[in-house]
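S.K.: quick one, what's the 3D model for this:
(4 chains)
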2 protein chains.
Amino acid sequence: MTTRERPTLEAVARRAGVSRATVSRVVNGSTTVAAGIRDAVNRAVEELGYVPNQAARSLVTQRTDSIALILPETTNRVFSDDLFFPAIIRGVGAELETADKQLVLMMAGSEAGHHRVERYAVAGHVDGVMFASIHGADPLPGALARRGIPVICSGRPMTAEPPVPYVDVDHAGGVAAAVRHLIATGRSRIATIAGPPDMVAGIERLAGYRDALAEAGLPTLVAAGDFTRESGIAAMRSLLASDPSLDAVFAASDLMAHGALLALREAGRHVPSDVAVIGFDDFDISRYSDPPLTTVRQPIDEIGRTLARQMLLRIAGDTTPPDAVVLPTELIVRDSA
Amino acid sequence: MTTRERPTLEAVARRAGVSRATVSRVVNGSTTVAAGIRDAVNRAVEELGYVPNQAARSLVTQRTDSIALILPETTNRVFSDDLFFPAIIRGVGAELETADKQLVLMMAGSEAGHHRVERYAVAGHVDGVMFASIHGADPLPGALARRGIPVICSGRPMTAEPPVPYVDVDHAGGVAAAVRHLIATGRSRIATIAGPPDMVAGIERLAGYRDALAEAGLPTLVAAGDFTRESGIAAMRSLLASDPSLDAVFAASDLMAHGALLALREAGRHVPSDVAVIGFDDFDISRYSDPPLTTVRQPIDEIGRTLARQMLLRIAGDTTPPDAVVLPTELIVRDSA
DNA sequence: CTTACGAGATGAACCGGTTAAGTTCAGGGG
DNA sequence: CCCCTGAACTTAACCGGTTCATCTCGTAAG
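M.R.: From the prediction side, this is the model:
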């Protein structure tokens, strides 16, 4: 049963009565092979169940046809309740599948994890490395790029030393639309629950909020969160404590917005009549929360697809693709604001 | 910048003034190397930024130190809203990380996908293959096992031709606990929203429901679902239509249970006073739904960890590990029942 | 003083493919 | 009839490591 000895190119060649080189050319679909020989080789391949050894092939071609996606969080945090990473993976996976490339997933939360990823990539295990969201000024993308490894990030990297290409969404535009919607519907004491200050998504959404309110001459009120539901609950409580008269809140993630809904209900405030709430992401939860959440939709799938497409271009080495792709966001109005 | 030419063993050897063989032994931590030489080699490695080429190494060692996790769904369905796969990935990832193995994620939804996975594994790209949930009588695990590739499944495979080792949870026990809880709290018209009939999780949870009710001499009422929230909504509506007097429902997943909550509210039924609801999974959503959901907790993280541990044992080839590991489930009582 | 021994380093044979250069041979032009 | 050409195949040199059989040399035993 355990067919441990895989047939090698040599075995196929012997069986078909030709040389290794010829078999190789047949297997790789070369044109200059006589039909008779080609058929004989293919028959031998079939009969022996031959599959080329990937290590041997990579050794000479210098390609592995697989691409890494780095989740720069600790393993435990990545998939807690957040649907961002799953959606990115889905988009990336779909796109790579059509290109017949393999997706290698790596968690690089710890310091050791960073090292592992670097060694792995430099060891030539993958043809390129994609980063799904970056914390702070992570040196890893730049380090890999300097090593000559194709790299692309989801979210603009905060370090610009070697410029690393990236895919991002129009955070500011989305937030501005949300805040303008709140103002247009008569809200004037508009608070925000911000994301982590070490992530571009957190920074830019907060900046967008500040800009939009400054433009309208309205005061700001900020509470800190980390994109999780728990942090949304806590932040909403603290906002209510510091300004009981607030009439709207923009949360930088749907999970935090959902937390805000829970905290508001707990405080006896009605949404949207007392307080309007807007989130960011357009996760499924926003459709099914009570009330359904008005939110800024970002096309996470499309981020993943774009990430993969840009990477494939880079690996093909054909052109010099754009260094940045920014996807649009869209305000989805439901009942909460 | 693009340091395209990676240093090779040869280069390190030359620089340190020793032979390739010696460098290899130092790099792999051999004992029989004089301290002086070892230091010299290490210095050379450091200075050149040498990292062993993985393809070359795999070619001779026949190991790749990476392990595949197959998600046997189409890419689009895998990460829609379901937190099962993310949790599995998290568990597997954590365990493999400590063993310094790499996780290779593959989606094998299509027929072509199946083929890709098989070729990939047989090509020696990975040391073993783990399956995260199986649909129907998927022949792939058996096929790989027959090829001599270590294989393990999450969820008992429905095909038993070559027996494939697996990790699963005690579906029947969990469901029985849920149904008994309903009966003990005075419910007598207990319906169920079942999972897909081509998955063991769907089959066994339904069987558990039937057995528990038969034991109590109570009638059954079954609606079909596919684990998604949408299907839960539809199933709940149809249950209410066929028996308006039902007073409890067990849903085979938390998402379907959540859907049931929405449909019940829509129908003006109060939970739990009119109808009790119990789910299965203990996703985050069950804590935050309205009302919070009583549910059967399955330790998904632990499934992932166990999957990885069993795989590592098998790869190490030390012992012959058990062919099946069944993890316990636990009834978590909240407000919905 | 010779011999045996073993720790430590080396040379070379792989691993299983790819591909540049070389060989063979049939057919066409001069 | 000879030479040239190009199609089709083979030979052999890599790719970059690992590992086993050898070799070297200092030291302890006889």
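
S.K.: only C-alpha atoms for contact and neighbour calcs from this point on.
M.R.: Will do.

S.K.: where do the strands sit along chain A?
M.R.: Counting by DSSP state E, one finds strands in chain A at the ranges A:66-71, A:102-107, A:128-132, A:151-154, A:166-169, A:190-194, A:222-224, A:248-251, A:276-281, A:294-297, A:324-327, A:330-332.

S.K.: list of residues touching the second one?
M.R.: Counting by C-alpha atoms under 8 Å, 6 or more residues apart in numbering or on different chains, the neighbours of strand A:102-107 from elsewhere in the structure are A:65-75, A:93, A:96, A:113, A:117, B:93, B:102-106.

S.K.: coming back round to it: nearest to DNA strand C, out of the strands of chain A?
M.R.: DNA strand C sits nearest to strand A:66-71 of all these, at 15.7 Å, using C-alpha to the nearest atom of the strand.

S.K.: say whether chain B is contacted by the closest one.
M.R.: No - counting by C-alpha under 8 Å from any C-alpha of the partner chain, chain B has no neighbours in strand A:66-71; the shortest distance is 8.8 Å.

S.K.: who does that strand pair up with?
M.R.: Each strand paired with strand A:66-71, and its direction, by DSSP bridges: strand A:102-107 (parallel), strand A:128-132 (parallel).

S.K.: distance to DNA strand D, mean neighbour count and mean pLDDT added to those, as CSV?
M.R.: Converted to CSV, the strands paired with strand A:66-71 look like this (distance: least, C-alpha to the nearest atom of the strand, whole Å; neighbours: other C-alpha atoms under 10 Å in any protein chain shown; pLDDT from 0 to 100):
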stretch, distance to DNA strand D, mean neighbour count, mean pLDDT
strand A:102-107, 22, 24, 88
strand A:128-132, 17, 24, 94
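
S.K.: quick one: A:Thr159 and A:Ile134 touch, right?
M.R.: No - counting by C-alpha atoms under 8 Å, A:Thr159 stays clear of A:Ile134, with 10.1 Å between them.

S.K.: who's more crowded, the two?
M.R.: Under the neighbour definition other C-alpha atoms under 10 Å in any protein chain shown, A:Thr159 and A:Ile134 were set side by side, and A:Ile134 has more, 24 against 14.

S.K.: got a pLDDT number for the more buried one?
M.R.: In this model, A:Ile134 is scored at 82, pLDDT.

S.K.: phi, psi of it?
M.R.: For A:Ile134, the backbone dihedrals are phi -130, psi 140 (criterion: degrees, to the nearest 10).

S.K.: next, the contact list for it, please.
M.R.: Listed by C-alpha under 8 Å, 6+ apart, the contact partners of A:Ile134 are A:72, A:153-155, A:157, A:199-200.

S.K.: could you do A:Pro196 as well?
M.R.: Applying C-alpha under 8 Å, 6+ apart to A:Pro196 gives the contacts A:202-203, A:224-227.

S.K.: who wins on neighbours among the residues you listed?
M.R.: Using other C-alpha under 10 Å as the neighbour test, the contacts of A:Pro196 are led by A:Gly225, with 25 neighbours.

S.K.: contacting residues for it?
M.R.: Contact criterion C-alpha under 8 Å, 6+ apart gives A:193-196, A:231-232, A:235, A:256 as the residues in contact with A:Gly225.

S.K.: could I get those as CSV with pLDDT?
M.R.: As requested, the contacts of A:Gly225 are arranged in CSV below (pLDDT from 0 to 100):
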residue, pLDDT
A:Ile193, 98
A:Ala194, 97
A:Gly195, 94
A:Pro196, 92
A:Ser231, 94
A:Gly232, 96
A:Ala235, 98
A:Met256, 96
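
S.K.: can I get the residues you listed in TSV with distance to DNA strand D?
M.R.: Below are these laid out as TSV (distance: C-alpha to the nearest atom of the strand, whole Å):
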residue	distance to DNA strand D
A:Ile193	50
A:Ala194	47
A:Gly195	43
A:Pro196	40
A:Ser231	47
A:Gly232	49
A:Ala235	52
A:Met256	48
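
S.K.: of all these, which comes closest to B:Ser30?
M.R.: Closest approach to B:Ser30 among those (C-alpha to C-alpha): A:Pro196, at 45.6 Å.

S.K.: circling back to that earlier point, of the contacts of A:Ile134, which is the most crowded?
M.R.: Result: A:Pro157 is most packed of the contacts of A:Ile134 (other C-alpha under 10 Å), 27 neighbours.

S.K.: wait, isn't A:Asp226 in contact with A:Asp198?
M.R.: No - applying C-alpha under 8 Å as the test, A:Asp226 and A:Asp198 come out as separate, 9.9 Å apart.

S.K.: what do the two both touch?
M.R.: Taking C-alpha under 8 Å, 6+ apart as the contact criterion, A:Asp226 and A:Asp198 have no common neighbours.

S.K.: on that earlier part again, of all the strands of chain A, which lies closest to B:Ala176?
M.R.: Judged by C-alpha to C-alpha, the one of the strands of chain A that comes nearest to B:Ala176 is strand A:102-107, at 37.4 Å.

S.K.: excluding its backbone neighbours, what's nearest A:Glu10?
M.R.: What sits nearest to A:Glu10 in space, not counting adjacent residues and going by C-alpha to C-alpha, 6 or more residues apart in numbering or on different chains, is A:Arg20, at 5.7 Å.

S.K.: for that neighbour, which residues are in contact?
M.R.: Per C-alpha under 8 Å, 6+ apart, neighbours of A:Arg20: A:9-10, A:12-13.

S.K.: and A:Leu144, by the same measure?
M.R.: For A:Leu144, the contacting residues are A:118, A:121-122, A:150-151, taking C-alpha under 8 Å, 6+ apart as the criterion.

S.K.: please apply the same query to A:Ser188.
M.R.: Applying C-alpha under 8 Å, 6+ apart to A:Ser188 gives the contacts A:182, A:218, A:246-248.

S.K.: adding neighbour count and pLDDT, write the residues you listed out as CSV.
M.R.: Shown next, in CSV, are the contacts of A:Ser188 (neighbours: other C-alpha atoms under 10 Å in any protein chain shown; pLDDT from 0 to 100):
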residue, neighbour count, pLDDT
A:Leu182, 22, 97
A:Leu218, 15, 96
A:Leu246, 18, 97
A:Asp247, 22, 96
A:Ala248, 26, 98
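
S.K.: may I have the phi/psi pair for the closest residue to A:Pro272 other than its chain neighbours?
M.R.: Residue nearest to A:Pro272 in three dimensions, not counting chain neighbours: A:Ser336, with 5.0 Å by C-alpha to C-alpha, 6+ apart. When quoted as degrees, to the nearest 10, the phi and psi of A:Ser336 stand at phi -80, psi -10.

S.K.: hmm, A:Ser336 is touching A:Arg287, no?
M.R.: No - using C-alpha under 8 Å, A:Ser336 and A:Arg287 do not qualify as a contacting pair, with a distance of 10.5 Å.
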